[in-house]
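Participant: Mind looking at a prediction? Sequence and model below.
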Amino acid sequence: MTDTSPILIWLRRDLRLGDHPALHCAAQSGRPVIPVFLHDEIVEGLGAAPKWRLGLGVDALAKRLEEIGSRLILRRGEALETLQALIKQTGAGSVWWTRQYDPDQIARDSAVKEALKNDGIDARSFRGHLLFEPWEVETGQGKFYQVYTPFWKAVRGREVPTRHPAPKTLTAPREWPDSESLNGWKMGHAMQRGAEIVGQYVHVGEAAAQARLASFMRDAVERYDQDRDRMDRDGTSGLSENLTYGEISPLALWDSGQRAMSEGKAGAETFLKEVVWREFAYHLVYHTPHITRKSWREGWENFPWDAETAETLRWKQGRTGIEIVDAAMRELYVTGRMHNRARMLVGSYLTKHMLTHWRVGLDWFADCLIDWDPAANAMGWQWVAGSGPDASPYFRIFNPDTQAEKFDPKGAYRRRWLAEASSEPPETALQFFDACPKSWDMRRDHSYPKPLVPLAEGRQRALDVYQKQKQG
DNA sequence: TTTTGAGTTGTTCGA
DNA sequence: GTCGAACAACTCAAA
């Protein structure tokens, strides 16, 4: 007997129609398909900016589904209960979704899967968020990789899954279940800063992501290996925002990158390596889930980092008195993003010069970044703090002056984001004062502070403390 | 089992 | 200005 019951496609961080194995499979089945997005316990726990940005992505996906004659059903509530209620209302026999790999989502998904299976439902997870499943990549001894370069060597020549075109139509159910209203969820509610400011910098949805990838491949990949480090240039792909919500698949990036490689474009391999860094972050978070909250490397739990202090606020406000650090922190607040190299600089300054716990930075990024990703954020912060992957953290203390000299030689990045860095600051730098909370009492006529921790002094202090840590 | 080569993104110093 | 060495050892991954 052929199953003709509807399939619920539960969408989470896979807000696209193309390269979507679960959706593709559902479309092929000929059964009615009911796409669903849940404002569940995971969404509830998101930081302000990611939650707001997610709302935009959900809206874009809903419109895209309407274009092919389908809908996106929205429900708020705990995931399992809400799915069970939907199953009851629709007579669905299947619930399919794209697999996630961070501990919180794994916990939710395995509980949901078990409960639904007990209810006799075909609950199934599909690949799609990654090129390689974390358990598909292992060392010669059958272990997971802890070092990036061998991981890269192990995967760079591998076949990746085949791509699936976006379905042209989806069979509608005989009757659509009720949907809540996205506006009613107020997903931008926790954003104190003006969403209208950050909103000027986002590029939302599958079509925008594909356009961005295409223009990057046309104009920038050639120079990517040099320009990606330049804070004063637009040399990065800017696709992290779309990747994190699944508005574009890593397969799309891989394909384009491989094509650029075969065309002999200089920066193509560096770009592919960056895509694989994302894979590596997920590899680590899957095999060592404690990386999201606790020191990844053993023996670092007792490192004498400070918890949140009054000085932390000055870091968040971009008032450390170190121009390149402050420019970056303001860029984060205004745009919801930060240049990759700048992330390392502010992370190094916080955890080394200021000797503040990386978790403080991780939490701030989780609140502010529209491209926040559970795996990449955790790996990045632990890497920069020295408690994470990579062999020689001891003497890697970024000197903001040296870095600025190298990667923002004329100060264009600093002037762009830091009003105090020029006499006639551009609109981008001034937007910070409109965006930041009133309670911060930040005004552009306030004088720029002296360094919170002077560079030489901070470096030496960090070296001393890290030296002690090393000696155990 | 043992050995060997290597490790994202740095900084400073001195030649 | 440019270059190589030192920083300080340890762990990982493969041969």
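Facilitator: Looks like it arrived, so ask away.

Participant: going forward, measure contacts between C-alpha atoms and count neighbours the same way
Facilitator: Will do.

Participant: Just confirm yes or no for stretch A:368-385 near DNA strand B.
Facilitator: Yes: residues of stretch A:368-385 contacting DNA strand B under Cα under 7 Å from any atom of the strand: A:380, A:383-384.

Participant: who wins for most neighbours among those?
Facilitator: Counting neighbours by other Cα atoms under 10 Å, residue A:384 comes out on top of the residues of stretch A:368-385 next to DNA strand B with 26 neighbours.

Participant: Can you say which helix or strand has the residue in the stretch 51-200 of chain A positioned nearest to DNA strand B in it?
Facilitator: The nearest approach of the stretch 51-200 of chain A to DNA strand B comes at residue A:149, 3.8 Å away (Cα to the nearest atom of the strand). Assigned by DSSP states H and E, residue A:149 belongs to helix A:148-155.

Participant: Okay, buried residues for that helix please.
Facilitator: A:148, A:151-152, A:155 (16 or more other Cα atoms under 10 Å).

Participant: and if you look at stretch A:21-39?
Facilitator: Neighbour count says stretch A:21-39 has A:21-24, A:26-27, A:31-39 buried, by 16+ other Cα under 10 Å.

Participant: Widest-spaced pair of the residues you listed?
Facilitator: A:31 and A:39 (25.3 Å; Cα to Cα).

Participant: Narrow the residues of stretch A:368-385 next to DNA strand B to those in strands?
Facilitator: Of the positions in the residues of stretch A:368-385 next to DNA strand B, not one sits in strands, assigned by DSSP state E.

Participant: circling back: the buried residues of helix A:148-155 also near DNA strand C: which ones?
Facilitator: Within these, those near DNA strand C by Cα under 7 Å from any atom of the strand are residue A:151.

Participant: can you redo the buried residues of helix A:148-155 as JSON lines with pLDDT?
Facilitator: JSON lines is the format used below for the buried residues of helix A:148-155 (pLDDT from 0 to 100):
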{"residue": "A:148", "pLDDT": "95"}
{"residue": "A:151", "pLDDT": "97"}
{"residue": "A:152", "pLDDT": "96"}
{"residue": "A:155", "pLDDT": "97"}
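
Participant: hang on, the earlier thing: tell me which of the residues of stretch A:368-385 next to DNA strand B is nearest to residue A:183?
Facilitator: For the residues of stretch A:368-385 next to DNA strand B, the nearest to residue A:183 is residue A:380 (33.5 Å; Cα to Cα).

Participant: near DNA strand B, which residues of chain A?
Facilitator: Residues of chain A lying near DNA strand B (Cα under 7 Å from any atom of the strand): A:147-150, A:229, A:274, A:277, A:341, A:380, A:383-384, A:389-392, A:395-400, A:402-403, A:456.

Participant: can you do 6 Å?
Facilitator: A:147-149, A:274, A:277, A:341, A:390-391, A:395-400, A:402-403 (Cα under 6 Å from any atom of the strand).

Participant: Pull the number of nearby residues for the residue nearest to residue A:80 when sequence neighbours are not counted.
Facilitator: Excluding the flanking residues, the one nearest residue A:80 by Cα to Cα, 6 or more residues apart in numbering is residue A:112, at 5.4 Å. Per other Cα under 10 Å, the neighbour tally for residue A:112 reads 19.

Participant: roughly how far apart are the residue of the stretch 51-200 of chain A closest to DNA strand B and residue A:227?
Facilitator: 22 Å (Cα to Cα, to the nearest Å).

Participant: what does residue A:461 give?
Facilitator: To residue A:227, residue A:461 is 33 Å away according to Cα to Cα.

Participant: rewinding a little: now, among the buried residues of helix A:148-155, which is nearest to residue A:451?
Facilitator: Residue A:451 has its nearest neighbour among the buried residues of helix A:148-155 in residue A:148, at 34.9 Å by Cα to Cα.

Participant: All set now, cheers.
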